[in-house]
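J.: here's my sequence, what's the structure:
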Amino acid sequence: FNSLTGEASNFSIWELLLFVVIGCLGGLIGAVFNAANEHLTIWRMKRINHSRYRRFLEVVVTSIIISTISFLMPLLWNRCTPRPNDMQDWSNQERDLVHALVAFRCDEETEYNEVASLIFTEADTAIKQLFHFREAGKDDSS
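T.: Residues are numbered from 1 along each chain as shown. Model (predicted):
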């Protein structure tokens, strides 16, 4: 462990209380999720698992709901973000991430939709875009 004081520390001592609160909230949210999942499983066992038709209908309804939400989210978040222009000092991976951006209802050459780029790309590309993609901000010179 490092020292909690001095320049080597990445956080202040008062922030430890905040970390404890976040940990407790995470535990409570996990407990609520587990309880809700248990109730849902019991409900499904009583009402859906008795019939092949109901199980098939559950899959169809769930697929329709998820597909509708996945399509409507980029429509509702109709924000077109400018694509980065100055990528001379960027790595090949970062350039590939820019080329994988989805211009859903935006200008294909100059803009992209942030939500569509996360939903309509492959999962590993979406994670890379989420965590490894750098955007030029107001204070950034690139």
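
J.: burial of Ile48, as a residue count?
T.: 13 (other CB atoms under 10 Å). C-beta here means a position set from N, CA and C on the backbone, and glycine is covered the same way.

J.: thinking it is in contact with Phe56, fair?
T.: No. In this structure Ile48 lies outside contact range of Phe56 using CB atoms under 8 Å: 10.1 Å.

J.: and the strands in the chain, which stretches?
T.: Ranges of strands within the chain are 80-82, 111-113, based on DSSP state E.

J.: redo those as JSON lines? Include mean pLDDT, distance to Val60 and mean neighbour count.
T.: Converted to JSON lines, these look like this (pLDDT from 0 to 100; distance: least, CB to CB, whole Å; neighbours: other CB atoms under 10 Å):
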{"stretch": "strand 80-82", "mean pLDDT": "91", "distance to Val60": "34", "mean neighbour count": "14"}
{"stretch": "strand 111-113", "mean pLDDT": "92", "distance to Val60": "28", "mean neighbour count": "20"}
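
J.: indicate which one of the ones you listed is closest to Arg95.
T.: Among the strands of the chain, strand 111-113 comes nearest to Arg95, with 14.1 Å by CB to CB.

J.: pairing partners for the closest residue to Glu114 other than its chain neighbours in the sheet, please.
T.: Nearest residue to Glu114 in three dimensions, chain neighbours excluded: Thr81, at 5.6 Å (CB to CB, 6 or more residues apart in numbering). Following DSSP bridges, Thr81 is listed with bridge partners Tyr112.

J.: done for today, thanks.
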